[in-house]
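1. sequence first, then the predicted structure, then my questions.
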Amino acid sequence: MSRMRAADSLYWIYRSLVASPLRTALTSLGIAIGIAAVALLTSIGEGARVYMLGTFTQFGTHIVAVTPGKTETMGLSGLLSTVKPLTLEDAFALRRLPFVTAMAPVVQGTGRIESPTRARDANIIGASHETALAWRMRVMRGKFLPADDPQAPRAYAVLGSKLHSELFPSGGALGSHLRVGGMRFRVIGVLESKGQFLGFDLDDMIYIPARRALQLFNREGLMEIDVVFSAKTTSEHMSSLVRERLRKRHGREDFTLFTQEDMLATLDRVLTIMKVAIGALGTISLLVGGVGVLTIMTTSLQERVSEIGLMRAIGCTRVQLALLFLGEAVALAVIGGVAGLLLVYAGLIVLALAVPGLPVLLQPVYALLALLLSVLVGLVAGTVPALRASALDPIEALHAD
Amino acid sequence: MRAWDVLTFTITVLSRQRFRALMLLLAIGVGVCSVIALTALGEGARGYVLEQFSFLGTDTLVILPGRQETTGGMPPLTGAATRDITLADAEAIRDFVPGVRRVAPIVLGAAEIRYQSRARETIVMGTTADFLRIRQLQRATGSNLPDADFDQAQPFAVVGGKVQRELFGGRSAVGHWLRIGNRRFRVIGVLSGRGDSFGLDLSDAVLVPVASAQQLFNRHGMFRVLVGVHPGRNRQAAQRQIEQLMQSRHQGERDVTIVSPDAILAGFSQIMGSLTVLVASIAAISLLVAGIMTMNIMLISVRSRTEEIGLLMALGASPGQVRMLFLIEAGSMAAAGACAGVVAGFILVAVGRALYPEVPFQVPVRVVLAGVGTAVMTALFFAWIPARQAAALPPVTALLKGH
């Protein structure tokens, strides 16, 4: 027997597996649980990553944000008072740079907003006429703030959808007047719902011209300037243009730049690490399942010593024998892998029914990777039994039993 | 059957199938070890973060200007509101709310600090002497800000350790004049240590009297007001009274937000605790896999020892005793594996402590008990079917099977 046909090998493996079906089933079940844990946890991690990136990319990726002050203070810099503020004039100077498609000055605070019949404490955003464009907000009714003279904008306001429904439950907001911190504003638009962002309810807000927001909060400087640029240039180039222009205006670099691209890259790195860590939790179970395969293969090897002796006697080489045992281990693991994937799909269906909003998905790539992982486990766990089988002395093996 | 006999029997059986027993030990050990190690990691992370915020103390309240009605979201952190919190408001809180011990109004800004030819952009915090007391900050040298009226703008500054290093080289800053923006301040004290405050590194900051900071930044309203409540006094009551006082001072409008840091920390601690439980439970899935492996091994064990079982029964062992023998075999393997896992887990924890002494890794006793208990109970549960199978064998067939 110089060569064993592939079909013969497969048949041999098949016979070994069905010889003790319960043992095979239990061994594979161990692997199945491990694979299911890895795949499910990775899917959850991936779902969370996609969701988080989605909440950030909803504002677009071509944004350079400028905050006042040079010290990095964990995002506080825009909130601090400063002796050298970023002014609205700075913002409009940046708007005139090449490639810039929109500019949103940011002043944010809270205040009491009173309609003729109701009142609500909510967030107030100082904005420009391009803020809706920059932040990709859609107007549901009316229109967004007009392109007024930035120094003396008319007292117009645009409402977020939640604030609108709270202040005007029976409609009729457009054209009516509001009082915001003692100033009168006319409602000219209502935005479509945008949801939550980092704990801020983007719908419970009112947008007023930045100049008027600065007056309202008695502030000199903006908290941030968002510069949106066209895809014709890169983040780096745009950053250098912004830096140059502001440096010329301020005489020195007393501001900080963030590009949305860098921030997303950092976020993506962190989330990917978290995803891998979560998936790694599942590999503990897979490891234990692998130990199970190793144990069972070793046991069945001990039980089949005389069979091995016979096979060697009729010309089966050491290598062939080792491959047969390795094949059996891989088969055990792959059966487990397939069963595990079925478990995962069942689990995902249950999860989708229980928590409809959760973006958990098992991409085909991950399913394939999970199967490859089970093959790997089989190979690793099968190596020692396979080597042991091939190392048996054929004569002694025949005498066994 | 005497207990001694059962013990020697089990040991003989296990030593005969050393490899299988060791592998099962390994499987259960890995499960228990990872439960313990991950719990220690979670508890360590929780303890570490809580420690970072321990400066907030249990008797502190933070008042922020502005309010929003969306609940569950972030408090209004920007400090910008249509109605300011004034120094007079802070004074009223100090003077009229019973139970309030200290009040530190805060104006926060960034400015360039100059000393001779050196300059540095740092955080400038306008506050009062009580800020250091509420936050329990230590001084390396010099004195605290003077205990003056809130509205007295004095040219004194207390600088952080890093500011002293960067601007004054190795020398003491006390007594020297600094330039902050376009004003001059005399350094009267230097802070020691880091003293993190809401993400601010106070070692890279300059503290000046609150009224001076108002002039410097041309800002009327407070960014925050820190309130220290008398220890032992009811914090919630003080919070309610401050709310009422502010409402009456602001023409009946409720336009401030009061947060109590330790309520937030308690919520955070709870979330971290749940996360730890979740992670440990995921690790415990491996114990289920180990249980299935136990069942598999016990099935093999029963089959290969059919003859022996027949002999035992022929000698008068009852089915109950046979079942018990197999359960003890499985249970003792699981217990040994679990113990090995506990030892390995604690070794990992010790290594972690040695590598990161600042993280308080710890393993609650109940987690050890739960881990070991789960391991043994799972093994017994899965060994039940093989053990019953063994007990149900008819003695004669069993005896004959070997031949």
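-> Noted; the coordinates are in hand.

2. after the helix or strand harbouring B:Ala92, which helix or strand is next?
-> Using DSSP states H and E, the element containing B:Ala92 is helix B:87-96. Heading C-terminal from helix B:87-96, the first helix or strand you meet, by DSSP H and E, is strand B:100-115.

3. how far out from the middle of the chain is that next one?
-> 29 Å (CA atoms, centre = their mean, to the nearest Å).

4. for that strand, name the packing helices and strands.
-> strand A:81-82, helix B:87-96, strand B:118-127, helix B:129-134, helix B:161-168, strand B:177-180, helix B:210-217, strand B:224-229 (3 or more CB pairs under 8 Å, 6 or more residues apart in numbering or on different chains; DSSP states H and E). Where you see a C-beta, it was placed from the backbone N, CA and C, and this is true even at glycine.

5. what strands line up against it, and which way round?
-> In the sheet, strand B:100-115 lines up against strand A:81-82 (parallel), strand B:118-127 (antiparallel), strand B:177-180 (antiparallel), strand B:224-229 (antiparallel) (DSSP bridges).

6. most packed of the ones you listed?
-> Using mean count of other CB atoms under 10 Å in any protein chain shown, the stretch among those with the greatest mean number of neighbours is strand A:81-82 (a mean of 26).

7. avg pLDDT for it?
-> The average pLDDT for strand A:81-82 rounds to 66.

8. tell me the helix or strand right after that strand.
-> With DSSP H and E, the next secondary element past strand A:81-82 is helix A:88-95.

9. list the buried residues of that following helix.
-> A:Leu88, A:Asp90, A:Ala91, A:Ala93, A:Leu94, A:Arg95 (16 or more other CB atoms under 10 Å in any protein chain shown).

10. equivalent analysis for stretch A:218-236, please.
-> By 16+ other CB under 10 Å, the buried positions in stretch A:218-236 come out as A:Arg219, A:Glu220, A:Gly221, A:Leu222, A:Met223, A:Glu224, A:Ile225, A:Asp226, A:Val227, A:Val228, A:Phe229, A:Ser235.

11. reformat those residues as a markdown table; add secondary structure and pLDDT.
-> Formatted as a markdown table, the buried residues of stretch A:218-236 follow (DSSP: H, G, I helix; E, B strand; the rest coil; pLDDT from 0 to 100):
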| residue | secondary structure | pLDDT |
| --- | --- | --- |
| A:Arg219 | coil | 82 |
| A:Glu220 | coil | 81 |
| A:Gly221 | coil | 85 |
| A:Leu222 | coil | 90 |
| A:Met223 | coil | 88 |
| A:Glu224 | strand | 90 |
| A:Ile225 | strand | 93 |
| A:Asp226 | strand | 92 |
| A:Val227 | strand | 93 |
| A:Val228 | strand | 93 |
| A:Phe229 | strand | 92 |
| A:Ser235 | helix | 89 |
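
12. near chain B too, which of these?
-> Contacts with chain B are made by A:Arg219, A:Glu220, A:Met223 out of the buried residues of stretch A:218-236, judged by CB under 8 Å from any CB of the partner chain.

13. hmm, back to that, what about the helix holding B:Ala92, distance to the chain center?
-> On CA atoms, centre = their mean, the centre of helix B:87-96 falls 35 Å from the chain's centre.

14. so which of the helices and strands packed on strand B:100-115 is nearest A:Ala32?
-> strand B:224-229 (54.8 Å; CB to CB).

15. and the helix or strand just after that closest one, C-alpha only, in CSV?
-> Proceeding C-terminally, strand B:224-229 gives way to helix B:235-249 as the next helix or strand, assigned by DSSP H and E. Below are the C-alpha coordinates for helix B:235-249, written out as CSV (Å, rounded to 0.1, in the frame of the first residue of the first chain):
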residue,chain,number,x,y,z
ARG,B,235,-26.0,65.9,51.8
GLN,B,236,-29.3,65.6,50.1
ALA,B,237,-30.9,68.1,52.4
ALA,B,238,-28.1,70.6,51.7
GLN,B,239,-28.5,70.0,48.0
ARG,B,240,-32.3,70.7,48.2
GLN,B,241,-31.7,73.8,50.2
ILE,B,242,-29.1,75.1,47.8
GLU,B,243,-31.5,74.5,45.0
GLN,B,244,-34.2,76.5,46.8
LEU,B,245,-31.9,79.3,47.7
MET,B,246,-30.7,79.6,44.1
GLN,B,247,-34.3,79.5,42.8
SER,B,248,-35.3,82.3,45.1
ARG,B,249,-32.3,84.4,44.2
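
16. which of the strands paired with strand B:100-115 has the lowest mean pLDDT?
-> The minimum mean pLDDT among those belongs to strand A:81-82 (a mean of 66).

17. pipe the buried residues of helix A:88-95 into TSV and attach pLDDT and distance to chain B per row.
-> As requested, the buried residues of helix A:88-95 are arranged in TSV below (pLDDT from 0 to 100; distance: CB to the nearest CB, whole Å):
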residue	pLDDT	distance to chain B
A:Leu88	91	15
A:Asp90	92	16
A:Ala91	93	17
A:Ala93	93	21
A:Leu94	93	20
A:Arg95	93	23
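
18. who touches the residue sitting nearest the centre point of chain B in this structure?
-> Closest residue to the average C-alpha location of chain B: B:Arg46 at 1.2 Å, with CA atoms, centre = their mean. Shown in contact with B:Arg46 (CB atoms under 8 Å, 6 or more residues apart in numbering or on different chains): B:Ser269, B:Met272, B:Gly273, B:Thr276.

19. against chain A, how distant is it?
-> 17 Å (CB to the nearest CB, to the nearest Å).

20. tell me the spacing between that residue and B:Asp59.
-> 22 Å (CB to CB, to the nearest Å).

21. okay if I get the buried residues of helix A:88-95 as a markdown table plus distance to A:Ile335?
-> What follows is the buried residues of helix A:88-95, written out as a markdown table (distance: CB to CB, whole Å):
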| residue | distance to A:Ile335 |
| --- | --- |
| A:Leu88 | 68 |
| A:Asp90 | 66 |
| A:Ala91 | 64 |
| A:Ala93 | 68 |
| A:Leu94 | 62 |
| A:Arg95 | 64 |
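
22. now do A:Val66, the pLDDT please.
-> pLDDT, read off for A:Val66, is 90.

23. now do the helix or strand hosting B:Ile264: which elements does it pack against?
-> When elements are assigned from DSSP H and E, B:Ile264 belongs to helix B:261-304. Contact analysis of helix B:261-304 by 3+ CB pairs under 8 Å, 6+ apart lists helix A:21-57, helix A:260-303, helix B:18-52, strand B:60-65, helix B:319-355, helix B:365-391 as its packing neighbours.
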